[in-house]
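Colleague: Sequence and predicted model, in that order:
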Amino acid sequence: MKLENKVAAITGGSAGIGRAIAEAYLAEGAKVTIMARNAEKANAVLKEIGAGDRLVFIQGDATDQNDIESFVDKTVEKFGSIDVLVNNAGGAGDLQPAVNLSDEAFDLCMKWNVYSTFWGTRRALKNMLGNKWGRIINISSVEGKNGKPVLTAYVTAKHAVNGMTKSIAREVGTEGITVNAICPGLIITDIVKDNGPETAAAMGISFDEMVDMFASEAAIQRPNKVEEVAAVAVLLASEDGGGITGALISVDGGTAHY
C-alpha cells in the first residue's frame, strides 16, 4: 500500500494510460479523482473499477483553463488535499506536414498538451507547497525526445512538456516536491486504434505497417503496455520515488537513446 492516505488527480483518466494509472494507484491505497470529457464513458469506468467513494469523476476539458484549475480545486474540496497530480491528457491533434499545419491546429495541440500541464501544475503546486510534499507526473512521449513526420505540433508540445518538467523540478526540489515526466513509446490504446489509421495514412502507410515500424524501432521489438507506464507512475508517486526529480523516464522499449 505505497500510496495509502494519498490523494491523486489524473487528467484524461477514463481510458488508456490514465485509467491504468488510476487503477494502479487505487490498488496501492490512494484516493483518486479522474477528469475526462465524456461523462457517460467515465461513469461506466467508475462502475467497472468498483472502488466506491475512493474514485471520483470530475468532468472537464483539458484545453480549458477553468476546467483544469477547477479539477484541482474540486479534488482538494473532495479529499482535503492533492498529493499527486498526473498530467496525462493530451494528443497529437491535426496530422499534417508542417507546411500545411494551420495556426489553429498548432495552438490546439499546445493547449491540449503544454498549457493543460502548466495550468494543472501551477494550481496543484499552491497546495503542495503548503504541505511540503507533492508529486507532479507529466505523461510526455518518446516523441518528446525524438521526432516524426506529420507530428510537428505534437513533437514540439512534448519537447516543451519535458523542458517544463526539468525547470519546475529545480524550483521546488527543496520543498518535498518532485516533478518528472514519463515518455511512453507506442501503446495500442483505444485512442490509438481510433486515430492511428489517420496518422498512418498521413505517413503514407497502413496502420499495421505503422505499428510494425514503431515496434521495429524499439529494442524489445513490440509496443509497450499501459501497465508498464502505470508501474513507473506508482514509483514516482511514492516515498520510494523521492530521490527522482527532473527526470524524463522512457517507457518506450528502448526506442529513445537518452
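Modeller: Perfect, I can see it now. Residues are numbered from 1 along each chain as shown.
Colleague: C-alpha from now on. contacts and neighbour counts both.
Modeller: Noted.
Colleague: Mind jotting down where the strands sit in this structure?
Modeller: Using DSSP state E, the strands of the chain run over 7-11, 31-36, 55-59, 84-87, 134-139, 177-184, 248-251.
Colleague: how far off strand 134-139 does the first one point, in degrees?
Modeller: Using axes from the mean of the first three to the mean of the last three CA atoms, to 10 degrees, one finds that strand 7-11 and strand 134-139 are set 20 degrees apart in direction.
Colleague: helices or strands up against strand 7-11?
Modeller: Strand 7-11 sits against helix 16-27, strand 31-36, helix 65-79, strand 84-87, with contacts defined as 3 or more CA pairs under 8 Å, 6 or more residues apart in numbering; DSSP states H and E.
Colleague: what separates the longest one from the chain centre, distance-wise?
Modeller: In terms of CA atoms, centre = their mean, to the nearest Å, the centre of helix 65-79 is set 17 Å apart from its chain centre.
Colleague: what's the answer for stretch 161-178, then?
Modeller: Relative to its chain's centre, stretch 161-178 lies at 16 Å (CA atoms, centre = their mean).
Colleague: contact partners of that stretch?
Modeller: When contacts are defined by CA atoms under 8 Å, 6 or more residues apart in numbering, stretch 161-178 is touched by residues 113-114, 117-118, 128-129, 132-136, 138, 140, 144, 179-181, 242, 244-248.
Colleague: Now which of these would you call buried?
Modeller: 113-114, 117-118, 128, 133-136, 138, 140, 144, 179-181, 242, 245-248 (16 or more other CA atoms under 10 Å).
Colleague: how about the helices of the stretch 51-200 of the chain, start to end?
Modeller: With DSSP state H, counting those that start in this stretch as the criterion, the stretch 51-200 of the chain has helices at 65-79, 103-110, 116-131, 152-172, 190-203.
Colleague: buried set for the second one?
Modeller: Using 16+ other CA under 10 Å as the test for burial, helix 103-110 gives Ala105, Phe106, Leu108, Cys109, Met110.
Colleague: do the first one as well
Modeller: Of the residues in helix 65-79, those buried by neighbour count under the rule 16+ other CA under 10 Å are Gln65, Asp67, Ile68, Glu69, Ser70, Phe71, Val72, Asp73, Lys74, Thr75, Val76, Phe79.
Colleague: From Glu40, how far out is the third one?
Modeller: If you measure Ile68 against Glu40 using CA to CA, to the nearest Å, the figure is 19 Å.
Colleague: go on, the first one?
Modeller: Separation of Gln65 from Glu40 (CA to CA): 22 Å.
Colleague: Specify the beta-bridge partners of the residue lying closest to Val229 once chain neighbours are set aside.
Modeller: Nearest non-adjacent residue to Val229, counting by CA to CA, 6 or more residues apart in numbering: Val251, 6.3 Å away. Beta-bridge partners recorded for Val251 (DSSP bridges): Pro184.
Colleague: these two touch, right, Val251 and Glu227?
Modeller: No: under the criterion of CA atoms under 8 Å, Val251 is not in contact with Glu227, lying 10.5 Å apart.
Colleague: who's more crowded, these two?
Modeller: For Val251 and Glu227, the more surrounded residue by other CA atoms under 10 Å is Val251, and the numbers stand at 22 against 16.
Colleague: Got the confidence number for the more buried one?
Modeller: Listed pLDDT for Val251 reads 97.
Colleague: and what of the one 5 residues further on?
Modeller: Ala256 is assigned a predicted lDDT (pLDDT) of 93.
Colleague: what would the helices of the stretch 51-200 of the chain look like in JSON lines with mean pLDDT and distance to Arg19?
Modeller: Shown next, in JSON lines, are the helices of the stretch 51-200 of the chain (pLDDT from 0 to 100; distance: least, CA to CA, whole Å):
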{"stretch": "helix 65-79", "mean pLDDT": "98", "distance to Arg19": "16"}
{"stretch": "helix 103-110", "mean pLDDT": "97", "distance to Arg19": "22"}
{"stretch": "helix 116-131", "mean pLDDT": "98", "distance to Arg19": "18"}
{"stretch": "helix 152-172", "mean pLDDT": "98", "distance to Arg19": "20"}
{"stretch": "helix 190-203", "mean pLDDT": "81", "distance to Arg19": "11"}
